[in-house]
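Undergrad: Structure here, sequence nowhere to be found:
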(Lines give C-alpha, C1' and ligand atoms only; values in the text may rest on other atoms or scores of the structure.)
Protein backbone atom coordinates (compact mmCIF):
# COMPACT_ATOMS: atom_id res chain seq x y z
CA UNK A 1 0.00 0.00 0.00
CA UNK A 2 1.31 3.47 -0.84
CA UNK A 3 0.63 6.97 0.39
CA UNK A 4 1.02 10.23 -1.52
CA UNK A 5 3.03 12.96 0.21
CA UNK A 6 3.33 16.59 -0.87
CA UNK A 7 6.85 17.81 -0.08
CA UNK A 8 8.79 21.04 -0.57
CA UNK A 9 12.49 21.80 -0.91
CA UNK A 10 13.67 23.19 2.41
CA UNK A 11 16.04 25.68 0.78
CA UNK A 12 13.62 26.75 -1.97
CA UNK A 13 9.97 26.63 -0.93
CA UNK A 14 8.79 27.17 -4.49
CA UNK A 15 10.18 23.76 -5.46
CA UNK A 16 7.52 21.20 -4.58
CA UNK A 17 6.39 17.76 -5.72
CA UNK A 18 4.42 14.68 -4.72
CA UNK A 19 6.10 11.39 -3.88
CA UNK A 20 4.81 7.90 -3.14
CA UNK A 21 5.76 6.29 0.18
CA UNK A 22 5.27 2.69 1.22
CA UNK A 23 2.85 1.95 4.05
CA UNK A 24 2.63 -1.17 6.19
CA UNK A 25 -0.44 -3.30 5.56
CA UNK A 26 -2.92 -3.42 8.42
CA UNK A 27 -1.66 -6.75 9.75
CA UNK A 28 1.95 -5.51 9.58
CA UNK A 29 1.35 -2.46 11.78
CA UNK A 30 3.36 -2.40 15.03
CA UNK A 31 1.55 -3.02 18.30
CA UNK A 32 -0.77 -0.11 19.25
CA UNK A 33 -0.23 1.61 15.89
CA UNK A 34 -2.98 3.13 13.75
CA UNK A 35 -3.11 3.64 10.00
CA UNK A 36 -5.00 6.87 9.34
CA UNK A 37 -6.37 8.09 6.01
CA UNK A 38 -6.09 11.89 5.93
CA UNK A 39 -9.38 13.09 4.53
CA UNK A 40 -9.03 16.88 4.52
CA UNK A 41 -6.82 19.56 6.01
CA UNK A 42 -6.74 23.33 6.34
CA UNK A 43 -4.05 25.34 4.59
CA UNK A 44 -3.40 28.95 5.63
CA UNK A 45 -0.57 31.48 5.63
CA UNK A 46 0.39 30.08 9.03
CA UNK A 47 1.48 26.87 7.33
CA UNK A 48 3.92 28.91 5.27
CA UNK A 49 5.33 30.18 8.56
CA UNK A 50 5.77 26.55 9.66
CA UNK A 51 7.87 25.99 6.52
CA UNK A 52 9.94 29.16 6.96
CA UNK A 53 10.69 28.19 10.57
CA UNK A 54 10.89 24.47 9.85
CA UNK A 55 14.49 24.06 10.98
CA UNK A 56 14.45 26.62 13.77
CA UNK A 57 11.34 25.27 15.51
CA UNK A 58 11.75 21.60 14.47
CA UNK A 59 8.58 21.38 12.38
CA UNK A 60 10.44 19.35 9.76
CA UNK A 61 11.06 16.59 12.31
CA UNK A 62 7.38 15.82 12.73
CA UNK A 63 6.85 14.10 9.40
CA UNK A 64 10.13 12.92 7.86
CA UNK A 65 10.73 13.49 4.15
CA UNK A 66 13.58 12.66 1.73
CA UNK A 67 16.87 14.51 2.21
CA UNK A 68 16.60 18.21 1.38
CA UNK A 69 12.80 18.17 1.49
CA UNK A 70 10.18 18.74 4.16
CA UNK A 71 6.53 17.90 4.72
CA UNK A 72 4.63 20.94 6.01
CA UNK A 73 2.42 20.16 9.05
CA UNK A 74 -1.29 20.96 8.71
CA UNK A 75 -4.37 20.76 10.94
CA UNK A 76 -7.02 18.41 9.65
CA UNK A 77 -9.09 15.25 9.87
CA UNK A 78 -8.30 11.60 9.43
CA UNK A 79 -10.10 8.27 9.61
CA UNK A 80 -8.57 5.18 11.22
CA UNK A 81 -8.56 2.49 8.50
CA UNK A 82 -6.47 -0.09 10.41
CA UNK A 83 -5.79 -0.39 14.13
CA UNK A 84 -3.55 -2.47 16.35
CA UNK A 85 -4.69 -0.63 19.49
CA UNK A 86 -7.38 -2.43 21.51
CA UNK A 87 -9.17 0.80 22.44
CA UNK A 88 -9.23 2.50 19.04
CA UNK A 89 -11.62 1.09 16.46
CA UNK A 90 -11.45 1.19 12.70
CA UNK A 91 -13.65 4.08 11.53
CA UNK A 92 -12.60 6.38 14.39
CA UNK A 93 -12.36 10.02 13.29
CA UNK A 94 -9.42 12.11 14.53
CA UNK A 95 -8.62 15.81 14.46
CA UNK A 96 -5.05 17.00 14.86
CA UNK A 97 -1.68 17.70 13.27
CA UNK A 98 -1.07 15.79 10.04
CA UNK A 99 1.42 15.83 7.17
CA UNK A 100 0.34 17.03 3.74
CA UNK A 101 -0.27 13.44 2.69
CA UNK A 102 -2.96 10.84 2.14
CA UNK A 103 -2.00 8.62 5.10
CA UNK A 104 -0.14 8.60 8.41
CA UNK A 105 0.91 5.85 10.81
CA UNK A 106 0.35 6.92 14.43
CA UNK A 107 1.92 5.14 17.41
CA UNK A 108 -1.08 5.56 19.69
CA UNK A 109 -0.37 6.24 23.34
CA UNK A 110 -2.15 7.98 26.24
CA UNK A 111 -5.45 6.86 24.74
CA UNK A 112 -8.49 8.26 26.55
CA UNK A 113 -12.15 8.72 25.79
CA UNK A 114 -11.49 12.16 24.30
CA UNK A 115 -8.18 11.70 22.51
CA UNK A 116 -4.80 10.08 22.06
CA UNK A 117 -1.20 11.02 21.37
CA UNK A 118 1.38 9.94 18.80
CA UNK A 119 4.27 8.50 20.77
CA UNK A 120 6.67 8.20 17.81
CA UNK A 121 10.19 9.02 19.02
CA UNK A 122 10.92 11.54 16.25
CA UNK A 123 7.90 13.64 17.29
CA UNK A 124 8.82 14.18 20.94
CA UNK A 125 11.05 17.23 20.52
CA UNK A 126 8.11 19.58 19.88
CA UNK A 127 5.36 20.86 22.17
CA UNK A 128 2.87 18.13 23.22
CA UNK A 129 -0.03 19.95 21.53
CA UNK A 130 1.44 19.01 18.14
CA UNK A 131 1.24 15.29 18.95
CA UNK A 132 -2.31 15.24 20.33
CA UNK A 133 -5.36 13.99 18.41
CA UNK A 134 -8.96 14.58 19.42
CA UNK A 135 -11.48 11.78 18.90
CA UNK A 136 -14.23 13.74 17.20
CA UNK A 137 -16.53 11.13 15.73
CA UNK A 138 -20.13 12.09 16.49
CA UNK A 139 -19.16 15.54 17.78
CA UNK A 140 -21.33 18.07 15.90
CA UNK A 141 -18.77 20.83 16.54
CA UNK A 142 -16.40 19.00 14.19
CA UNK A 143 -18.93 17.85 11.60
CA UNK A 144 -19.32 19.29 8.09
CA UNK A 145 -18.67 22.98 7.67
CA UNK A 146 -18.30 23.44 11.44
CA UNK A 147 -15.33 21.09 11.24
CA UNK A 148 -13.78 23.17 8.47
CA UNK A 149 -13.96 26.29 10.64
CA UNK A 150 -12.35 24.37 13.49
CA UNK A 151 -9.44 23.30 11.26
CA UNK A 152 -9.02 26.71 9.65
CA UNK A 153 -9.40 28.90 12.70
CA UNK A 154 -9.17 27.10 16.02
CA UNK A 155 -5.39 26.41 16.02
CA UNK A 156 -4.70 29.98 14.87
CA UNK A 157 -7.10 31.38 17.45
CA UNK A 158 -5.18 29.51 20.14
CA UNK A 159 -2.15 31.58 19.14
CA UNK A 160 -4.31 34.73 19.26
CA UNK A 161 -5.54 33.71 22.70
CA UNK A 162 -2.02 33.09 24.02
CA UNK A 163 -0.64 36.38 22.69
CA UNK A 164 -3.56 38.27 24.22
CA UNK A 165 -3.07 36.45 27.51
CA UNK A 166 0.64 37.34 27.52
CA UNK A 167 -0.13 41.00 26.89
CA UNK A 168 -2.95 41.08 29.46
CA UNK A 169 -0.90 39.54 32.26
CA UNK A 170 1.70 42.25 31.66
CA UNK A 171 -0.95 45.00 31.52
CA UNK A 172 0.00 45.49 27.88
CA UNK A 173 3.33 46.89 29.10
CA UNK A 174 1.59 50.19 29.80
CA UNK A 175 0.19 50.56 26.29
CA UNK A 176 -3.48 51.18 25.62
CA UNK A 177 -3.13 51.09 21.85
CA UNK A 178 -2.04 47.91 20.08
CA UNK A 179 -0.91 47.85 16.46
CA UNK A 180 -1.23 44.62 14.46
CA UNK A 181 0.59 44.07 11.18
CA UNK A 182 -0.80 41.67 8.57
CA UNK A 183 -4.19 42.58 10.03
CA UNK A 184 -6.05 40.43 7.49
CA UNK A 185 -4.37 37.25 8.75
CA UNK A 186 -6.62 34.96 10.74
CA UNK A 187 -4.38 35.07 13.79
CA UNK A 188 -4.40 38.87 13.75
CA UNK A 189 -8.19 38.93 13.40
CA UNK A 190 -8.56 36.70 16.44
CA UNK A 191 -6.19 38.86 18.46
CA UNK A 192 -7.99 42.04 17.37
CA UNK A 193 -11.27 40.56 18.62
CA UNK A 194 -9.78 39.68 22.01
CA UNK A 195 -8.06 43.04 22.46
CA UNK A 196 -11.21 44.89 21.44
CA UNK A 197 -13.25 42.81 23.89
CA UNK A 198 -11.11 43.96 26.82
CA UNK A 199 -11.16 47.59 25.82
CA UNK A 200 -7.88 48.17 24.07
CA UNK A 201 -7.64 50.45 21.04
CA UNK A 202 -6.73 48.27 18.07
CA UNK A 203 -5.08 49.58 14.92
CA UNK A 204 -4.82 47.16 12.02
CA UNK A 205 -2.00 47.60 9.51
CA UNK A 206 -2.69 46.04 6.12
CA UNK A 207 -2.42 46.49 2.37
CA UNK A 208 -4.91 48.69 0.51
CA UNK A 209 -6.59 45.67 -1.09
CA UNK A 210 -7.37 44.05 2.27
CA UNK A 211 -8.89 47.00 4.11
CA UNK A 212 -12.47 46.00 3.30
CA UNK A 213 -12.04 42.49 4.65
CA UNK A 214 -10.32 43.70 7.84
CA UNK A 215 -13.14 46.18 8.41
CA UNK A 216 -15.82 43.51 7.93
CA UNK A 217 -15.20 41.95 11.34
CA UNK A 218 -15.60 45.21 13.24
CA UNK A 219 -12.77 44.54 15.69
CA UNK A 220 -10.51 47.47 14.80
CA UNK A 221 -10.78 51.05 15.92
CA UNK A 222 -8.71 52.12 12.95
CA UNK A 223 -7.33 50.48 9.80
CA UNK A 224 -4.19 51.97 8.26
CA UNK A 225 -2.39 50.94 5.09
CA UNK A 226 1.31 50.24 5.36
CA UNK A 227 2.32 53.32 3.41
CA UNK A 228 0.55 55.51 6.00
CA UNK A 229 1.90 53.81 9.14
CA UNK A 230 4.03 56.79 10.11
CA UNK A 231 1.03 59.14 10.00
CA UNK A 232 -0.27 57.59 13.24
CA UNK A 233 -0.12 59.76 16.38
CA UNK A 234 3.07 58.78 18.18
CA UNK A 235 2.81 60.53 21.56
CA UNK A 236 0.86 57.80 23.40
CA UNK A 237 2.20 54.44 24.65
CA UNK A 238 1.76 51.70 22.04
CA UNK A 239 2.43 47.99 21.65
CA UNK A 240 3.21 46.33 18.33
CA UNK A 241 2.39 42.74 17.44
CA UNK A 242 4.24 41.81 14.27
CA UNK A 243 2.37 39.17 12.29
CA UNK A 244 4.19 40.05 9.08
CA UNK A 245 7.84 39.53 9.92
CA UNK A 246 8.75 42.60 7.88
CA UNK A 247 11.89 44.05 9.46
CA UNK A 248 11.68 47.29 7.47
CA UNK A 249 8.15 47.98 8.74
CA UNK A 250 9.16 47.08 12.29
CA UNK A 251 12.09 49.51 12.20
CA UNK A 252 9.91 52.22 10.68
CA UNK A 253 7.36 51.91 13.49
CA UNK A 254 10.02 51.85 16.21
CA UNK A 255 11.62 55.00 14.89
CA UNK A 256 8.20 56.66 14.57
CA UNK A 257 7.01 55.85 18.11
CA UNK A 258 10.42 56.04 19.76
CA UNK A 259 10.31 55.51 23.52
CA UNK A 260 6.50 55.25 23.35
CA UNK A 261 6.89 51.79 21.76
CA UNK A 262 6.40 49.84 24.98
CA UNK A 263 6.28 46.31 23.60
CA UNK A 264 7.24 44.75 20.27
CA UNK A 265 6.36 41.10 19.68
CA UNK A 266 7.38 39.03 16.65
CA UNK A 267 4.69 36.40 16.07
CA UNK A 268 4.48 35.60 12.36
CA UNK A 269 6.27 35.72 9.04
CA UNK A 270 3.47 36.20 6.54
CA UNK A 271 5.45 38.72 4.46
CA UNK A 272 8.81 36.95 4.72
CA UNK A 273 10.54 40.19 3.70
CA UNK A 274 14.26 40.68 4.08
CA UNK A 275 15.20 40.36 7.72
CA UNK A 276 18.39 42.37 7.68
CA UNK A 277 20.17 43.37 10.87
CA UNK A 278 18.06 46.17 12.33
CA UNK A 279 20.66 47.38 14.80
CA UNK A 280 19.45 49.08 17.95
CA UNK A 281 15.86 50.29 17.62
CA UNK A 282 14.19 52.99 19.72
CA UNK A 283 11.68 51.82 22.28
CA UNK A 284 11.21 48.31 23.63
CA UNK A 285 13.53 45.68 22.19
CA UNK A 286 11.66 43.36 19.78
CA UNK A 287 11.14 39.90 21.22
CA UNK A 288 9.90 36.65 19.75
CA UNK A 289 6.72 35.07 21.08
CA UNK A 290 6.84 31.28 21.48
CA UNK A 291 3.38 29.91 22.19
CA UNK A 292 4.47 26.63 23.86
CA UNK A 293 6.25 28.62 26.59
CA UNK A 294 3.01 30.43 27.44
CA UNK A 295 1.09 27.15 27.35
CA UNK A 296 3.49 25.52 29.81
CA UNK A 297 3.37 28.53 32.11
CA UNK A 298 -0.43 28.70 32.20
CA UNK A 299 -0.86 24.93 32.48
CA UNK A 300 1.16 25.07 35.67
CA UNK A 301 -0.64 28.14 37.04
CA UNK A 302 -4.20 27.29 35.99
CA UNK A 303 -4.10 23.55 36.60
CA UNK A 304 -5.73 20.70 34.64
CA UNK A 305 -8.30 21.97 32.16
CA UNK A 306 -7.63 25.61 32.96
CA UNK A 307 -6.37 26.59 29.52
CA UNK A 308 -9.07 24.59 27.77
CA UNK A 309 -11.89 26.18 29.76
CA UNK A 310 -10.71 29.73 29.18
CA UNK A 311 -9.95 29.09 25.53
CA UNK A 312 -13.38 27.52 24.92
CA UNK A 313 -15.08 30.60 26.36
CA UNK A 314 -13.00 32.89 24.13
CA UNK A 315 -13.59 30.71 21.04
CA UNK A 316 -17.36 30.75 21.53
CA UNK A 317 -17.31 34.54 21.19
CA UNK A 318 -15.05 34.63 18.14
CA UNK A 319 -16.18 31.77 15.89
CA UNK A 320 -19.64 33.17 15.03
CA UNK A 321 -18.09 36.50 14.00
CA UNK A 322 -15.51 35.16 11.59
CA UNK A 323 -17.82 32.62 9.99
CA UNK A 324 -19.83 35.49 8.55
CA UNK A 325 -16.88 36.80 6.51
CA UNK A 326 -14.93 33.63 5.64
CA UNK A 327 -15.70 31.56 2.54
CA UNK A 328 -14.50 27.96 2.63
CA UNK A 329 -12.94 26.78 -0.65
CA UNK A 330 -12.44 23.03 -1.13
CA UNK A 331 -9.80 21.54 -3.45
CA UNK A 332 -8.88 17.90 -3.97
CA UNK A 333 -6.05 16.09 -5.68
CA UNK A 334 -2.28 16.70 -5.98
CA UNK A 335 -2.54 19.32 -8.74
CA UNK A 336 -5.06 21.36 -6.77
CA UNK A 337 -2.96 21.15 -3.60
CA UNK A 338 0.12 22.33 -5.49
CA UNK A 339 -1.79 25.27 -6.98
CA UNK A 340 -3.14 26.45 -3.63
CA UNK A 341 0.24 25.98 -1.97
CA UNK A 342 2.03 28.14 -4.54
CA UNK A 343 -0.71 30.77 -4.46
CA UNK A 344 -0.44 30.95 -0.67
CA UNK A 345 3.36 31.10 -0.83
CA UNK A 346 3.20 34.02 -3.26
CA UNK A 347 0.46 35.88 -1.36
CA UNK A 348 -2.22 35.42 -4.01
CA UNK A 349 -4.96 34.01 -1.74
CA UNK A 350 -7.67 36.56 -0.84
CA UNK A 351 -7.99 36.89 2.96
CA UNK A 352 -11.72 36.12 2.88
CA UNK A 353 -10.98 32.59 1.63
CA UNK A 354 -10.28 29.61 3.84
CA UNK A 355 -8.86 26.61 1.98
CA UNK A 356 -9.61 22.99 2.84
CA UNK A 357 -7.46 20.57 0.85
CA UNK A 358 -7.11 16.85 0.25
CA UNK A 359 -4.53 14.87 -1.67
CA UNK A 360 -7.13 12.16 -2.20
CA UNK A 361 -8.64 12.33 -5.67
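TA: Yes, it's here. Note that the structure is a prediction, hence the values are computed from the model and not measured.
Undergrad: outside of whichever strand or helix holds residue 21, which residues touch it?
TA: Using DSSP states H and E, residue 21 falls within strand 12-22. With C-beta atoms under 8 Å, 6 or more residues apart in numbering as the contact definition, strand 12-22 has outside contacts at 1-9, 48, 51-52, 66, 101, 334, 338, 341-342, 345, 359. Where you see a C-beta, it was placed from the backbone N, CA and C, and this is true even at glycine.
Undergrad: Name only those of the residues you listed that count as buried.
TA: Burial of the contacts of strand 12-22 was assessed by neighbour count (16 or more other C-beta atoms under 10 Å); the buried members are 3-8, 48, 51-52, 101, 334, 338, 341, 345, 359.
Undergrad: Now the two most distant members of the residues you listed.
TA: Across the buried ones among the contacts of strand 12-22, the longest distance by C-beta to C-beta is 25.3 Å; it joins 3 and 52.
Undergrad: Report the distance from the longest helix belonging to the chain to the chain centre.
TA: Of all the segments of type helix in the chain, defined by DSSP state H, the longest one is helix 144-169. Taking C-alpha atoms, centre = their mean, to the nearest Å, one finds the center of helix 144-169 at 8 Å from the center of the full chain.
Undergrad: what is the mean pLDDT for the helix or strand just after it?
TA: Towards the C-terminus, the helix or strand next in line after helix 144-169, according to DSSP H and E, is strand 177-180. Mean pLDDT, computed over strand 177-180, is 97.
Undergrad: neighbouring contacts of strand 177-180?
TA: Counting by C-beta under 8 Å, 6+ apart, the neighbours of strand 177-180 from elsewhere in the structure are 167, 172, 188, 191-192, 195, 200-205, 232, 236-241, 243, 253.
Undergrad: all strands for the stretch 201-350 of the chain, in order.
TA: Read by DSSP state E, counting those that start in this stretch, the stretch 201-350 of the chain holds these strands, from start to end of the chain: 201-206, 222-225, 238-242, 261-266, 287-288, 327-332.
Undergrad: How about the stretch 51-200 of the chain?
TA: Secondary structure of the stretch 51-200 of the chain (DSSP E, counting those that start in this stretch): strands at 69-70, 74-83, 93-98, 103-109, 115-118, 132-135, 177-180.
Undergrad: on that earlier part again, can you select the buried ones from the contacts of strand 177-180 in PyMOL?
TA: The following PyMOL line selects those of the contacts of strand 177-180 that are buried, judged by 16+ other C-beta under 10 Å:
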select buried, resi 167+172+188+191+192+195+200+201+202+203+204+205+232+237+238+239+240+241+243+253
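Undergrad: Listing partners with orientation, what would you give for the strand or helix carrying residue 37?
TA: Counting by DSSP H and E, the element that carries residue 37 is strand 33-43. For strand 33-43, sheet partners with direction are given as strand 74-83 (antiparallel), strand 103-109 (antiparallel), strand 353-358 (antiparallel), following DSSP bridges.
Undergrad: where in the protein is pLDDT low?
TA: Residues of the chain that meet the criterion pLDDT under 70 lie in 268-278.
Undergrad: quick one, domains of it?
TA: 2-142+326-358, 156-293 (automatic domain parsing).
Undergrad: okay, these in JSON lines with distance to residue 314 next?
TA: As requested, the domains of the chain are exported to JSON lines (distance: least, C-beta to C-beta, whole Å):
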{"stretch": "domain 2-142+326-358", "distance to residue 314": "15"}
{"stretch": "domain 156-293", "distance to residue 314": "5"}
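Undergrad: Before I go, just wanted to say thanks for your time.
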